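1. below: sequence and its predicted model.
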Amino acid sequence: MERVREGSTRMRSSGALPGEDGGIGGATASGPGSLAEFTRDPFNGYFEGRSVDEIIPPGSLLDTAGVRRWFDLFSAGLPESLYTYQLPLGLATGPVTEVLGVPLILFSSYSYLGLVGHPRLAAAVREAVDRFGTSTGGVRLLTGTNELHHALEGELADFLGQEAAATFASGYDANIAAITSLFGPGDYALLDQYAHQSIQDGVRMAGCEMRRFRHNDLEDLERRLRQARNRGARRVLIAVDSVFSMDGDQAPLSDLIAVKQKHGAFLLVDEAHSIGAIGATGRGVCEEQGIDPSTIDILTGSLSKAIPSSGGFAAGSEGFKIYVQHGSAPYIFSAAMTPGNAAASLEALHILQEEPEHMDRLRVNTAMLKNGLTRLGFETGRSNTPIVPLYLGDEWRAYRWARMLLEQGIFTSAVVYPAVSPGQARLRLCATAAHRPEHFDRLFAALAECRDTEAEGG
Ligand SMILES: Cc1ncc(COP(=O)(O)O)c(C=O)c1O
């Protein structure tokens, strides 16, 4: 596969950056099956000429508040061509991709190191598929484990500074496995209010009492710890993301460790957005904040972001690993990570350690993104990582900005409720190591244009 960071052949031959030749509304891009058409009708006419009440008869399968909310949004937004979700990429994720024939600069990819398409990864995956095939044909505990899983788990543990690690088919599964295998009714889980959905789901499945403490607020956490003890909690789990995926800020790990030690609680830290993206050598927020990782009881994360594969891990003591491999449902009742994904994860770990230039460029590009937005006067909040939110407030404003940016050849994610609180919609922008200065220039020019258009009432 061609390395994506170099851009598509089509782009190189025209010499134009996405959006420079008229955007998605241009004459060559507005017919059936075009990107412009997709944003107006991605559902094959399902909503056309019908009210939501006609689509959802009372008492029917779809007659729920959740369905109604989404369908009301579609009915109002599609006539304005505001649907920018599920755009079908025609090329690998990267700073430049293509959707339905239109080249786009992508600014919401999690591939922080820009390694998707790296020739060493492609070679490792080919070799794994040649040797082990495309599927493991089983769950990890029974017949689904191969040599790559063992090698990956050993190297991951070393990389993370933990005694041992277990891997799963996703980061979502890793949180479910870690929490449900060790906590249950009678236990309390205290979650940062912005902790990832997979942590909340794990706690719900475990049947623990769940309480949320105010974001990064140690006093509120201590108050809730005291409450939990007064109510007779058996064991207490504190769970946070190390980098919060919607705001791009970090958890105060040393304070959290001090609090959990003081109260005899346990701490789970989800490093999904920090492995390969944060810390001098990409070892995450523990490295960035100078924390000994072994003081954290459970470290979880994803292998589908900076590590460009698909999978997740839960790391901790040797005893933790052994038990999570025998006492967690995802390990026993769900297929093992594919050989290709295990090989890609393993090779990415090697690249990360042997090619520090990707981390260097990510740091430079993160500063470029943050500084450029600040110069333009945009509100980016507490971000101190490659995730830089551009707060817009109203969800329709976020939909409109995402669509206006698309028109100018820039693909970003509009993040709205329930991923964030109502009224806190935003564009979630991410810097990657593979972005080039001209991509940022195009983004900044396009954002300035959005602001002007909005000011003119457009
Ligand atoms: C903080 C956090 N944890 C876990 C996950 C789940 O990881 P995966 O996509 O590998 O299932 C995500 C995914 O976005 C995440 O942001």
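-> Sure thing, it's come through.
2. immediately after the helix or strand bottoming out on mean pLDDT in the chain, which helix or strand?
-> When each helix and strand of the chain is scored by mean pLDDT, DSSP states H and E, helix 9-14 comes last, with a mean of 33. Downstream of helix 9-14, the first helix or strand assigned by DSSP states H and E is helix 35-40.
3. which strands or helices does the helix or strand following that next one pack on?
-> Downstream of helix 35-40, the next assigned helix or strand under DSSP H and E is helix 52-55. If contacts are counted by 3 or more Cβ pairs under 8 Å, 6 or more residues apart in numbering; DSSP states H and E, helix 52-55 sits against helix 65-77. C-beta: built from backbone N, CA, C; applies to glycine.
4. report the distance from the helix it packs on to the chain centre.
-> 24 Å (Cα atoms, centre = their mean, to the nearest Å).
5. next structured bit after it?
-> Following helix 65-77 in sequence, per DSSP H and E, is strand 96-99.
6. mean confidence score for that next one?
-> What strand 96-99 shows for mean pLDDT is 95.
7. adjacent strands (with direction) for the next helix or strand after that strand?
-> Counting by DSSP H and E, the next helix or strand C-terminal to strand 96-99 is strand 102-106. Its sheet considered, strand 102-106 pairs with strand 96-99 (antiparallel), strand 410-411 (parallel) by DSSP bridges.
8. most tightly surrounded among these?
-> Ranked by mean neighbour count, the strands paired with strand 102-106 are led by strand 410-411 with a mean of 26 (mean count of other Cβ atoms under 10 Å).
9. what residues sit buried inside stretch 260-273?
-> Buried residues in stretch 260-273, counting neighbours by 16 or more other Cβ atoms under 10 Å, are found at Lys260, His263, Ala265, Phe266, Leu267, Leu268, Val269, Asp270, Glu271, Ala272, His273.
10. same question for stretch 329-345.
-> Going by neighbour count (16+ other Cβ under 10 Å), the buried part of stretch 329-345 is 330-331, 334, 336-345.
11. again, but for stretch 107-120
-> Buried, per 16+ other Cβ under 10 Å, within stretch 107-120: Phe107, Ser108, Ser109, Tyr110, Ser111, Tyr112, Leu113, Gly114, Leu115, Val116, Gly117, His118.
12. hmm, which of the residues you listed is lowest in pLDDT?
-> Note: of the buried residues of stretch 107-120, the lowest pLDDT belongs to Gly117, at 91.
13. contact partners for Ser108?
-> By Cβ atoms under 8 Å, 6 or more residues apart in numbering, the residues touching Ser108 are Phe411, Thr412, Ser413, Leu427, Arg428, Leu429, Cys430.
14. is the nearest residue to it once chain neighbours are set aside bridged to anything, and to what?
-> In this structure, Ser108 finds its nearest non-sequential neighbour in Ser413, 3.9 Å apart by Cβ to Cβ, 6 or more residues apart in numbering. On the basis of DSSP bridges, Ser413 is bridged to Arg428.
15. can you check the pLDDT for Ser413?
-> 94.
16. I figured it hits Ala402, correct?
-> Yes: Ser413 lies in contact with Ala402 (Cβ atoms under 8 Å); the separation is 7.2 Å.
17. who touches both of those two?
-> Common contacts of Ser413 and Ala402, defined by Cβ under 8 Å, 6+ apart, comprise Leu427.
18. so which of the two has more stuff around it?
-> For Ser413 versus Ala402, neighbours defined as other Cβ atoms under 10 Å are more numerous around Ala402 (26 against 19).
19. name the SS class of that one, please.
-> Put simply, Ala402 is helix when judged by DSSP: H, G, I helix; E, B strand; the rest coil.
20. for Ala445, same thing?
-> The assignment at Ala445 comes out as helix when based on three-state DSSP.
21. tally of neighbours for the closest residue to it other than its chain neighbours?
-> Spatial nearest neighbour of Ala445, chain neighbours left out: Gln408 (7.9 Å); criterion: Cβ to Cβ, 6+ apart. Gln408 has 21 neighbours, counted by other Cβ under 10 Å.
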